[in-house]
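Asker: Next input, structure requested:
(2 chains)
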2 protein chains.
Amino acid sequence: MKKVDVSLHGMYKSILEGYLLTSSEHSLYEAQKFSRELIKESLSPEEMVNLHVTVVQELIPNLPNEVLVANELLLEVMVGYGLAYREHQSLRDRQK
Amino acid sequence: MKKVDVSLHGMYKSILEGYLLTSSEHSLYEAQKFSRELIKESLSPEEMVNLHVTVVQELIPNLPNEVLVANELLLEVMVGYGLAYREHQSLRDRQK
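Answerer: Numbers count the residues shown, from 1 in each chain, chains lettered A, B, ... in the order given. Have a look, this model is predicted:
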């Protein structure tokens, strides 16, 4: 798995922190911009879910253990999407 | 967004329920098989995250509100991956 860029981690943490505090439309708009940035940086959906899980653990104290366990299962399922994403990129590169 | 098949919902709920109870390797193996099933059924990564969020709310009572809010933001980011996935499918279909 590609190592998530430190700045992407900082960006997502800041957007999520803002959304937890305000639940504002502005944060959702920031999330859409961030999503486009991720696609540009070729971060796979698996890596994005991993980033979310990491940042949630940093920002929300005393998460119920069941949430952590459920996140592990989601990450296991997302591995398949990581592989499909790499295939997509290789198809796209061949068409260039 | 494509409506998630009732049987996929039931399958994921049963796997997650098992994993919450046992944290066993067997559940992780089931998750890998489920992931291959999703790719075969062309469910996008956005739809998978949506399924996870729904099932977590059904199985884990009294989720902290912050977890629900964080999930909303993740879903907003995943929309971009839903679009990229559809593009991937259309590229693949053109190559057939």
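Asker: show me what contacts the residue most central in space within chain A?
Answerer: In chain A, the centroid-proximal residue (Cα atoms, centre = their mean) is A:M48; its distance is 2.2 Å. Counting by Cβ atoms under 8 Å, 6 or more residues apart in numbering or on different chains, A:M48 touches A:L38, B:V77, B:M78, B:Y81. From N, CA and C alone the C-beta is placed, and that goes for glycine too.
Asker: Show me those residues that map onto helices.
Answerer: A:L38, B:V77, B:M78, B:Y81 (DSSP state H).
Asker: would you turn those into CSV with neighbour count, distance to B:R94 and pLDDT?
Answerer: Formatted as CSV, the ones in helices among the contacts of A:M48 follow (neighbours: other Cβ atoms under 10 Å in any protein chain shown; distance: Cβ to Cβ, whole Å; pLDDT from 0 to 100):
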residue, neighbour count, distance to B:R94, pLDDT
A:L38, 24, 25, 95
B:V77, 28, 27, 98
B:M78, 26, 25, 97
B:Y81, 26, 20, 91
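Asker: Quick check: the farthest pair among the residues you listed?
Answerer: Spatial extent of the ones in helices among the contacts of A:M48 (Cβ to Cβ) is set by the pair A:L38 and B:M78 at 9.9 Å.
Asker: Just the element for the residue nearest to the centre of chain A, please.
Answerer: helix A:45-59 (DSSP states H and E).
Asker: re the thing from before, could I get the contacts of A:M48 as TSV with distance to A:L28?
Answerer: Below are those laid out as TSV (distance: Cβ to Cβ, whole Å):
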residue	distance to A:L28
A:L38	15
B:V77	10
B:M78	13
B:Y81	16
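Asker: with those in mind, which one is nearest to B:S7?
Answerer: Once Cβ to Cβ is applied, the member of those that ends up nearest B:S7 is B:M78, at 22.2 Å.
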